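[1] need coordinates for the following:
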Amino acid sequence: MIKLLLVLVTAATASFASAQSFETQIEDSLRPFVAADAFAEVPACGVLDIKTIRPIALDEAADMIKPCVEGVAKLYAAKAAAEPGMLSAPQSGKPGQSGLLIKTDLTAGSKGHRDLVASLSRREGRILGHMTRVMTKNETAPAASASVLQKAIDGCLLLTVVRDIRSGEDFVKVYGKCLTRDESLKIKELRAAEGLVVTLKTAASGSEVEAYNGFVTVNAGKGPVQVMVVAYASNVFLPL
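    Residues are numbered from 1 along each chain as shown. Purely as a prediction, here's the structure:
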């Protein structure tokens, strides 16, 4: 009787161990297909979930997340960079939407890409308050939308000499008054951001502010140059 019990216990133990082993094998086989939070693996990404009283400007947000994006790139042995850009092209007369672009050399559907997309999804598609898009290898951003400010630039009579425009700072120095002196634009502040980007604050209404976002083309020493305009309502704080 005792021998029979020992046989049954041994068989049950072996069966349980076999079941556990099978479950472990299943978990191991499925793990590569389960999307993880890529940002949770990188200490520098803690900044993504901070809460602030004031809204964070787009160019500031891009600078703040650079260490995080660089850490994620190392995690997946990939290339990645964050920058302000256009998330969607204009449609049916509506202006395109600006936001954060995370440009990578990841292949669509790869583990790294799926993890990044899942990470954004868990944050409702936003980083530091801005809609964000992950771009895969060879993917291009939506076609640049023209800002309604182009009309003010084209009608500016202040310039008699063509000058080189290599940065947002150059644009502000040369063309800034063309915009700030136009009272209909209600521009309260205009400043240079990183690269060929400028930010502005305006007392215009919400729909008008959106229409300011986009690109303006200016005449420069070596030909036409596109400068990206990122507009904010007057109640948004822009960092120094």
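[2] can you check the pLDDT for residue 42?
    Looking at residue 42, its pLDDT reads 91.
[3] quick one: contacts for it?
    Listed by Cβ atoms under 8 Å, 6 or more residues apart in numbering, the contact partners of residue 42 are 68, 71, 72, 75. Backbone N, C-alpha and C define where each C-beta goes, glycine included.
[4] Three-state assignment for the nearest residue to it once chain neighbours are set aside, please.
    For residue 42, ignoring the flanking residues on the chain, the nearest one in space by Cβ to Cβ, 6 or more residues apart in numbering is residue 71 at 3.6 Å. For residue 71, the secondary-structure state derived from DSSP: H, G, I helix; E, B strand; the rest coil is helix.
[5] burial check on residue 71, number of neighbours?
    In terms of burial, residue 71 registers 17 neighbours under the definition other Cβ atoms under 10 Å.
[6] can you tell me how far residue 108 sits from residue 220?
    Here the criterion is Cβ to Cβ, to the nearest Å. By it, residue 108 lies 36 Å from residue 220.
[7] between the two, who's got more neighbours?
    With other Cβ under 10 Å as the criterion, residue 108 and residue 220 differ in neighbour count, and residue 220 comes out ahead with 18 against 13.
[8] beta partners of that one?
    For residue 220, the residues forming beta bridges with it (DSSP bridges) are residue 223.
[9] how far away is it from residue 191?
    From residue 220 over to residue 191 the distance is 20 Å, taken as Cβ to Cβ.
[10] nearest to residue 136, of the contacts of residue 42?
    Taking Cβ to Cβ as the measure, residue 72 is the one of the contacts of residue 42 closest to residue 136, at 14.0 Å.
[11] so what's residue 58 up against?
    By Cβ under 8 Å, 6+ apart, the residues touching residue 58 are 84, 98, 99, 100, 130, 199, 230.
[12] filter those residues to the buried ones?
    Members of the contacts of residue 58 that pass the buried threshold by neighbour count (16 or more other Cβ atoms under 10 Å) are listed as 84, 98, 99, 100, 130, 199, 230.
[13] tell me what the helix or strand hosting the fourth one is packed against?
    It refers to residue 100. Here residue 100 sits within strand 97-104, counting by DSSP states H and E. Helices and strands in packing contact with strand 97-104 are listed as helix 58-64, strand 80-88, helix 111-121, strand 130-135; criterion 3 or more Cβ pairs under 8 Å, 6 or more residues apart in numbering; DSSP states H and E.
[14] could I get the full set of helices for the protein?
    For the chain, helices defined by DSSP state H occupy the ranges 2-30, 58-64, 66-75, 111-121, 150-154, 168-180, 206-212.
[15] as CSV, could you dump the C-alpha coordinates of stretch 120-134?
    The C-alpha coordinates for stretch 120-134 follow below in CSV (Å, rounded to 0.1, in the frame of the first residue of the first chain):
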residue,chain,number,x,y,z
LEU,A,120,3.5,55.8,-25.9
SER,A,121,0.1,54.1,-25.8
ARG,A,122,0.4,53.7,-22.0
ARG,A,123,0.9,57.5,-21.9
GLU,A,124,-2.1,58.2,-24.1
GLY,A,125,0.3,59.1,-27.0
ARG,A,126,1.7,62.1,-25.2
ILE,A,127,5.1,63.0,-23.7
LEU,A,128,5.3,66.0,-21.5
GLY,A,129,1.9,67.1,-22.7
HIS,A,130,2.7,66.8,-26.5
MET,A,131,1.4,64.3,-29.0
THR,A,132,4.3,62.1,-30.0
ARG,A,133,4.9,59.8,-33.0
VAL,A,134,7.5,57.0,-33.4
